[in-house]
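Chemist: I need the structure of the sequence given here:
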Amino acid sequence: MYCSHRSWDITKYIREELVPSRLHTTNIYPVFEDKRQRYEWQRFLRFLKQSRKAAFASTESGQMYILPSKQDEDYSHALVKYLTNESEKKDHFLICFCSDNKIENDGIQKECLKRAFEDRMGELPNHKIDSSLWYSKEMLESRVKTRRSVSCATSSTGPRKNYVCAHPSYLKTLGQSHSDWIFGAIAEFVDNSRDAKATMLDISIDMIYSSLVGKEIPMLAIVDDGHGMNHEEIMRMVSFGRKQPDVNDPNYIGRYGVGFKTGTMRLGRDALVLTQTTNSRSIAFLSQSLNEGNDNIEIPIVAYSRKGQHIEFDTTFQTDATSKNNLKAISDISPFNKYFIGEKSGLFQRDGTGTHIYIWNLDEWGSTYSLEWVNGMNGTSSFYQGDICIRSRRARSRLGQMTQQVPLDYSLRSYLEVIFLDPRMKIKVQGSLVKSRPLAKFLHKTSIENGFVLGKSVQLILGHSQLDLEQGNCGIFLYWHGRLIEAYKRVGTMIHNGEKSHGIVGVIDVTNVMDDDSGQVWVHNNKQGFVDCEPYTLLEDWLSKKVDEYLDNTIDKVTVKRGGARYKPDHQWVQCNKCRKWRVLHPDFDSNMLPLEWFCYMKPVNGKCEMPEQKLESGVITISSQRTGYSYKEKSPEEKDEFDRPLKRLRSGSKY
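Modeler: As a prediction, the model looks like this:
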C-alpha cells in the first residue's frame, strides 16, 4: 500500500469500544517541522485519550481509526487500525537498523513518518491530516522480497537515505561485551528480573534431548516471576539499543537496551524468550543458528492474546499464518516444538506473569563447556548447595591484588550473594536458595564515613571481614543503582601494602556521582566497570584518603589472627525468606544455628513479618563481642537491659 500526496479528512469521532475488532494495526510516528506541529499533535492525541474516542477517516485504500497508544505517555506516536482489501505480506521480524528503537515487523527503520496539520484541531470534529510522508510497516513490507534478504527502504518522495543493516555476524560481536567475564552476561538477566519487580529468580543448567544433534545437551534457564513483557516491550528488548529512561530511577538498572542481546550471545548461540503478562504471551527467538547464511538478522516472534487460561494468536500484530510460520521456524532449528513450549508455559501459575529465557549451544572451553554446574538439594539444609562455576577458576585482574582466592570471580552463588546492596529478590541457583550477604551488615569495627565528591554526597562503610581476611582479600565494593559494579577495588595503602589491609572491606553506592546531571552515565555498558572520567578520579582520591585514615586509626587496635578465634560482625543479621526484611540478632546467639530458609516467626526473633525493619544509626563505631577462646565478661542486668531494649521495641511493633 502506498499513500500519494493527499489529505485525510477526519469525518467523525467514535467511542473506542465501537471500533471494529480484528482490524490491521500499525503505529505511526511523526517528525515535526516546528514546535506548533508538535503542540497540535499532542493536543489531538490528548483529546482522543481523555474523551476515550477514535478519529475516523476514509480513504481510497480503505477505512482507518486513529487512537492514542496506551503505552505512550509522551504522545510520540499513534495507533492506527485500518481495513483494506489488499492482502498482507507478513514475514519474520528482520533487523535492518539499530538507532532509535522504532522497529516494526519488517525491521526497517521507517522514514519516521512525517505529519503536518492544516488547521488547529481543538475539539472540532473535522480535521485534515497531510499524509504525504506517512509510511506504515505495511507500506514498507511490500519491499521485502524474500525471508533471507531485505533492502533498506528509502522515500520515493524525497532524497535517498542510507540506513544501517545488521549482518548476523553482529550477534557474535555482541557477546564480546562480556568476553573477559562470563558472569557479567548472567548479571544482565538478574538486572532485568529486578527491574521487572520479580520476587523470585531461578537460574539453572539442565540436560535436554535435542533431536537435531541426536543427544542430550545442556540448556541454561533463567526464570522469574516479574510482570513480564507485552508485544511492544519484547520488540524493544530484541531491538539493538533504545532511548535511555527520562526519569533517573535509583532502583532501576537498565539503561542501554543491549543487555539481553550481549548476555545471550555470550552464553550461547541460541536463545528463546517466553514471557507472559496478565493479558498476553509472547515468544521470541534470537539465534545464530537460524541466521546462518542470512544477509540480515531474522528474529521470529509470536504474539498471543490471553484471557484467563484461554490463549490464542493475537491478530492485532500478525496473522495466523505468520504466527504459524514463525513457530515452524523455531521448531525447525531448536528443541522447542509446540509440546516443549507448552510444557515450559505450564510453569506459569494460573494467574502468573514472568519471563523465561532458555539458552543452549553454550559457550565452550576446549572440548567441554565454559561453565560447569552441580545440583543442590532442596530444603533447609545449608549443605550440598548447588552452584554454577566458571571452569577456568581464574581470578579477575585487579590493581595490587596478591591472592587468587576470590570465590565471587568463579562461583555464581558467591557473586549473587553480594550482587545487590539491598537484596530483596529471592534467587535460586541449581535448585537451592542463595543466602544473600549484604556486606555492610556483616563487618566488624564498622566506621561510616560521609563526604562530598563534586558537591554530591557519598557514604562509605568500612570494616573488617573475617572471611576476606582468611582469603587474603581486601578492597572497596562499588555499587551503582544498588547493583555491584566493581568488587575488591584497592585504593590508597591497599595497593602497595596488601598484608596490612587484608580483611578490610568497604561498601559504597556511587549512583549520585556516576550519574551526571545532564543524563550522562559514567558506567560501561556491560556494567562491569566505570568510565575513566573526572568524577571517578575524584572518587578514587576520596576513597584513598578515607581508607588510609581508617587503617591508621584501627589496624593496630584490632587483633584478628588468621586461623585463630573468629570475631563476630558488629551486628549479626538474618533475612526473612517471606517478607525479605532483615532482623538483627542478639550478640550471644549463634547464627550457625539458623536454618537456610528462616522466617520472622522462628527463633530467636519469634515475631511477625509485619514488624518494621530495623535500621542502625549512622556515624557510630561499635565493637563486637569475641567468640569462644577469649575471656568473656558477663554483662550486668543494667547492661543487658540496655542492649535488649531495641529488640523489645521491635517485637512490640514500635519503631527502632
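Chemist: tell me which residue is most central in the chain.
Modeler: With the centre of the chain defined as its mean C-alpha position, the nearest residue by CA atoms, centre = their mean is residue 192, 1.7 Å away.
Chemist: that one should be in a helix, yeah?
Modeler: Yes - according to DSSP: H, G, I helix; E, B strand; the rest coil, the state of residue 192 is that of a helix.
Chemist: check what pLDDT it gets.
Modeler: On the pLDDT scale, residue 192 is placed at 92.
Chemist: right, and it touches residue 258 too?
Modeler: No - with contacts defined as CB atoms under 8 Å, residue 192 does not count as touching residue 258, sitting 11.7 Å away. To be clear about C-beta, it is placed using only N, CA and C from the backbone, and glycine gets the same treatment.
Chemist: now do the end-to-end distance for stretch 47-63.
Modeler: Chord length of stretch 47-63, first to last residue, is 21 Å (CA to CA, to the nearest Å).
Chemist: that one: which residues count as buried?
Modeler: Buried residues in stretch 47-63, counted by 16 or more other CB atoms under 10 Å: 47-49, 53-57, 59.
Chemist: which helix or strand contains the residue nearest to residue 509 when sequence neighbours are not counted?
Modeler: For residue 509, ignoring the flanking residues on the chain, the nearest one in space by CB to CB, 6 or more residues apart in numbering is residue 479 at 4.6 Å. Applying DSSP states H and E as the criterion places residue 479 in strand 475-480.
Chemist: same check on residue 491?
Modeler: Under the assignment here (DSSP H and E), residue 491 is part of no helix and no strand.
Chemist: residues in contact with the residue nearest to residue 509?
Modeler: With contacts taken as CB atoms under 8 Å, 6 or more residues apart in numbering, residue 479 has the following neighbours: 420-421, 485, 507-511.
Chemist: tell me how many other residues surround residue 239.
Modeler: Taking other CB atoms under 10 Å as the criterion, the count of residues near residue 239 is 23.
Chemist: then residue 592?
Modeler: Applying the criterion other CB under 10 Å, we find 6 residues in the vicinity of residue 592.
Chemist: and the protein, what are its domains?
Modeler: Under the TED database, the residue ranges defining each domain of the chain are 10-96, 168-369, 439-558+566-570.
Chemist: quick one: end-to-end length of the second one, please.
Modeler: Between the opening and closing residues of domain 168-369 there is a gap of 23 Å (CA to CA).
Chemist: now it, how far from the centre of its chain.
Modeler: Between the centre of domain 168-369 and the centre of its host chain there is 13 Å, according to CA atoms, centre = their mean, to the nearest Å.
Chemist: what is the helix or strand where residue 494 lies packed up against?
Modeler: Assigned by DSSP H and E, residue 494 belongs to helix 493-496. Packed against helix 493-496 by the contact rule (3 or more CB pairs under 8 Å, 6 or more residues apart in numbering; DSSP states H and E) you find helix 498-501, helix 534-554.
Chemist: what's the least confident stretch among those helices?
Modeler: Comparing mean pLDDT over those, the weakest stretch is helix 498-501, at a mean of 75.
Chemist: surely residue 605 is in a helix?
Modeler: No - membership of residue 605 in a helix is not supported by three-state DSSP, which gives coil.
Chemist: now it: closest residue in space, sequence neighbours ignored.
Modeler: For residue 605, the nearest residue in space outside its immediate sequence neighbours is residue 583; the separation is 5.1 Å by CB to CB, 6+ apart.
Chemist: would you agree the one you found is in contact with residue 600?
Modeler: Yes - counting by CB under 8 Å, a contact exists between residue 583 and residue 600, whose distance comes to 6.8 Å.
Chemist: what residues are shared contacts of those two?
Modeler: 576, 607.
Chemist: what is the nearest of the contacts of residue 479 to residue 435?
Modeler: Taking CB to CB as the measure, residue 435 sits nearest to residue 420 out of the contacts of residue 479, at 13.0 Å.
Chemist: how about that closest one, phi and psi?
Modeler: Note on residue 420: backbone dihedrals following degrees, to the nearest 10 are phi -110, psi 140.
Chemist: so how far is residue 488 from it?
Modeler: 17 Å (CB to CB, to the nearest Å).
Chemist: closest one to residue 577 among the domains of the chain?
Modeler: Within the domains of the chain, the stretch nearest residue 577 is domain 168-369; the backing value is 10.8 Å (CB to CB).
Chemist: SS state for residue 180?
Modeler: In the three-state summary, residue 180 is assigned as coil, counting by three-state DSSP.
Chemist: please begin residue numbering at 777 from this point
Modeler: Noted, 777 is the first residue going forward, which turns the last one into residue 956.
Chemist: can you tell me which residues contact it?
Modeler: Applying CB under 8 Å, 6+ apart, we find residue 956 in contact with 1172, 1304.
Chemist: cool, and residue 1288?
Modeler: Here residue 1288 is in contact with 1232-1234 (CB under 8 Å, 6+ apart).
Chemist: check the residues you listed for burial and list the buried ones.
Modeler: Using 16+ other CB under 10 Å, the buried members of the contacts of residue 1288 are 1232, 1234.
Chemist: thinking again about what came up before, for the helix or strand that comes right after the strand holding residue 1255, the distance to its chain's centre please.
Modeler: Toward the C-terminal end, the helix or strand that comes next after strand 1251-1256 (DSSP H and E) is strand 1259-1265. For strand 1259-1265, the distance between its averaged C-alpha position and the chain's averaged C-alpha position is 17 Å (CA atoms, centre = their mean).
Chemist: strand 1259-1265 vs helix 1310-1330, what angle?
Modeler: 50 degrees (axes from the mean of the first three to the mean of the last three CA atoms, to 10 degrees).
Chemist: any residues touching strand 1259-1265, and which ones?
Modeler: Under the criterion CB under 8 Å, 6+ apart, residues 963, 967, 970, 1029, 1174-1175, 1177, 1182, 1184, 1194-1197, 1249-1255, 1286, 1299, 1303-1306, 1319 lie in contact with strand 1259-1265.
Chemist: average model confidence for that strand?
Modeler: Per-residue pLDDT over strand 1259-1265 has a mean of 94.
Chemist: got the buried residues for it?
Modeler: For strand 1259-1265, a neighbour-count test (16+ other CB under 10 Å) marks 1259-1265 as buried.
Chemist: mind putting those residues into CSV with distance to residue 1161?
Modeler: Formatted as CSV, the buried residues of strand 1259-1265 follow (distance: CB to CB, whole Å):
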residue, distance to residue 1161
1259, 23
1260, 20
1261, 26
1262, 26
1263, 21
1264, 23
1265, 28
